[in-house]
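In: This is the structure alone, sequence omitted:
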Ligand code: PEP
Ligand code: MG
């Protein structure tokens, strides 16, 4: 028996036999091309690129309905890379200038790009290196006329097995579902790699970053994958198999119980309604919103529309995307957040990294106000889309009232423009702001007077309150949603919204963290917006507690004098037994 550890990215337990997916490393040929054949070599390269595009388009068509919505997004990223000059023009240049063969020219360029990615400090951008490798690999295989079928399909024997691979491409994940694969583990990838994101969407146990998995595991070997703990057990003892089988059954039962909650109301034992909404990023995410029976979309992050391209999307493109989401939501309200670029959300085509400290620099609403050419088309698109269903606009990272006034002025100007053009829109569309900078929380009463609703973005609020860079691993241990200072700011905001009589939502990660649901209800939060994947679990917590009792504990937490005390009290809140509570 051997146990290896990695990053668990798809929860759940799988017990079965391993299928080791071996994809041989390519042996890239290198030779000099005679001058008379240079044009033919360029043509050979261009054909290989064109073929790669055709293959990806064909794969996109095969995406099963049950595949995670991100799947087509990742395939689109690969298609976009095949349009990128750095990848497709530089090798042509090298073929002509150095009389080198296409495979070598592409390899040289891929190595150069990889070096650039290696130097990046942002882990998200660094993780994009894997996409380049996969796109390059596809073109190389085409150049070398290798069997594409073998590359794009999982073999029959992989059915019903636990896949062990070096890495998986987005194309692989399209077929994972169809093969009823039980789980997958990969040598490469971190918690924010595309493989990890897709695993979460596929809802199968998965572990990435298990360096050496393909060397430790043999085809047909018995394995247990514990996706929650990030543990793979090779050749387990029978006792362990029995233990994991029991845990697996209880997880499955819990899943079924949660499904039964889909149509149950989200109300506490003492009759308090709690509105549970979903956070989305891609139009395809709407499916999970419906699956979770969310009451609305409390946060639609629009940055994805600006990613993996050099120019910002046009007004029409944005309008089309928003209308698609609104129509798919079928009357469920959506809060569209205006562009929150900068700091952890970087896009191609912008050279300004946001100063020496991007998180404190020109980001989110600051950037939008500085660059009206970026902001106005988005506001026009959102307003125009509001003619198709219930929409609210949400401004990220407001830190001064002046910013709110400026945005409101631009919105009014945009409305006048649209009126003049005879374009329909919702004239009463609510405009709200995110409370994610301590300044906005401390003065929430002032912001509440100028805005139609507030939404607490705990991810940034914690970062700015505790002065912890949210993407810096070295200070991660200090990131604490129940630090007394953070809780006080949340509470100030709750009171301000209540006093002003405006709706308040929480849409940061804390809103979907089961550890904090009872505390937040006790503090007075009544609307939470979260990853739709956890919504039913939060609903279960809501339905099994009573706010009256929680309030007493929450008051104690708010008076706590230390982080140790808040943590101990929150543990106590979560242990409260409501089984005898009557309605
Ligand atoms: C937040 O900061 O809590 C939030 C919801 O916004 P984002 O994570 O997109 O910055
Ligand atoms: Mg934020």
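Out: That came through, no problem. All values reported here derive from a predicted model rather than from experimental measurement. Ligands and ions are numbered 1, 2, ... in the order given.
In: Check whether residue 527 really touches residue 278, as I assumed.
Out: No: here residue 527 does not reach residue 278: they are 11.9 Å apart, not a contact under CB atoms under 8 Å. For every residue, glycine as well, the C-beta is placed using N, CA and C.
In: where do the contact lists of those two overlap?
Out: residue 298 (CB atoms under 8 Å, 6 or more residues apart in numbering).
In: Show me what from the chain comes close to ligand 2.
Out: Counting by CB under 5 Å from the ion, the chain comes close to ligand 2 at 436, 457, 460.
In: if you set the cut-off to 6 Å instead, what comes out?
Out: 396, 436, 457, 459, 460 (CB under 6 Å from the ion).
In: Out of these, grab the one that's most surrounded.
Out: Highest neighbour count within the residues of the chain next to ligand 2: residue 457, with 29 neighbours (other CB atoms under 10 Å).
In: Leaving out chain neighbours, which residue sits closest to that residue?
Out: Closest residue to residue 457 apart from its sequence neighbours, by CB to CB, 6 or more residues apart in numbering: residue 436 at 3.4 Å.
In: With residue 316 instead?
Out: Per CB to CB, 6+ apart, closest to residue 316 is residue 381, 7.8 Å.
In: Residue 41: neighbour count?
Out: Residues near residue 41, counting by other CB under 10 Å: 21.
In: what's in contact with the helix or strand harbouring it?
Out: Using DSSP states H and E, the element containing residue 41 is helix 38-61. If you take CB under 8 Å, 6+ apart as the criterion, helix 38-61 is touched by 33, 72, 75-76, 78-79, 82, 88, 91-92, 95-96, 99, 101-102, 105-106, 135, 138-140, 142-143, 148, 152, 171, 174.
In: Just the buried positions in it, please.
Out: Residues 41, 42, 44, 45, 48, 49, 51, 52, 55, 56, 59, 60 are the ones in helix 38-61 that count as buried (16 or more other CB atoms under 10 Å).
In: what distance separates it from the centre of its chain?
Out: 30 Å (CA atoms, centre = their mean, to the nearest Å).
In: Okay, angle between the helix or strand just after it and helix 38-61 too, please.
Out: Beyond helix 38-61 on the C-terminal side, the first helix or strand identified by DSSP H and E is helix 70-81. Orientation check (axes from the mean of the first three to the mean of the last three CA atoms, to 10 degrees): helix 70-81 against helix 38-61 gives 170 degrees.
In: Going by neighbour count, which residues of helix 70-81 are buried?
Out: 70, 71, 72, 73, 74, 75, 77, 78, 79, 80, 81.
In: centre of the chain versus the helix or strand following it, how much separation?
Out: Under the assignment DSSP H and E, the closest C-terminal helix or strand after helix 70-81 is helix 85-88. Computed by CA atoms, centre = their mean, the chain-centroid distance of helix 85-88 equals 27 Å.
In: where's the residue nearest to residue 21 when sequence neighbours are not counted relative to residue 206, distance?
Out: Leaving aside its sequence neighbours, residue 21 sits nearest to residue 165 (CB to CB, 6+ apart; 4.1 Å). Going from residue 165 to residue 206 by CB to CB, to the nearest Å gives 11 Å.
In: And for residue 75?
Out: Distance from residue 75 to residue 206, by CB to CB: 19 Å.
In: What part of this protein, helix or strand, is modelled with the least confidence?
Out: Using mean pLDDT, DSSP states H and E, the weakest-scoring helix or strand in the chain turns out to be helix 148-152, at a mean of 56.
In: right, and the helix or strand after that one?
Out: Heading C-terminal from helix 148-152 (DSSP H and E), you reach strand 162-165.
In: Sheet-wise, list the partners of that next one with their directions.
Out: Using DSSP bridges, strand 162-165 pairs in its sheet with strand 13-21 (parallel), strand 183-186 (parallel).
In: so of these, which one's packed in deepest?
Out: Highest mean neighbour count of the strands paired with strand 162-165: strand 183-186, a mean of 30 (counted as mean count of other CB atoms under 10 Å).
In: which other residues reach that strand?
Out: Contacts of strand 183-186 (CB under 8 Å, 6+ apart): 6, 10, 12, 14, 16, 162-168, 176, 195, 199, 204-210, 213, 217, 225, 227, 232.
In: So which of the residues you listed are in strands?
Out: Counted as lying in strands by DSSP state E, out of the contacts of strand 183-186, are 10, 14, 16, 162, 163, 164, 165, 206, 207, 208, 225, 232.
In: For these, work out which two are farthest apart.
Out: The span of those, defined through CB to CB, is set by 16 and 208 at 18.4 Å.
In: Alongside ligand 1, which residues does the stretch 201-350 of the chain contribute?
Out: Proximity of the stretch 201-350 of the chain to ligand 1, by CB under 6 Å from any ligand atom, involves residues 299, 301, 340.
In: give me the element the first one is part of.
Out: Yep, that's residue 299 we're talking about. strand 297-301.
In: partners of that strand in the sheet?
Out: Under the rule (DSSP bridges), strand 297-301 has strand 275-280 (parallel), strand 334-337 (parallel) as partners.
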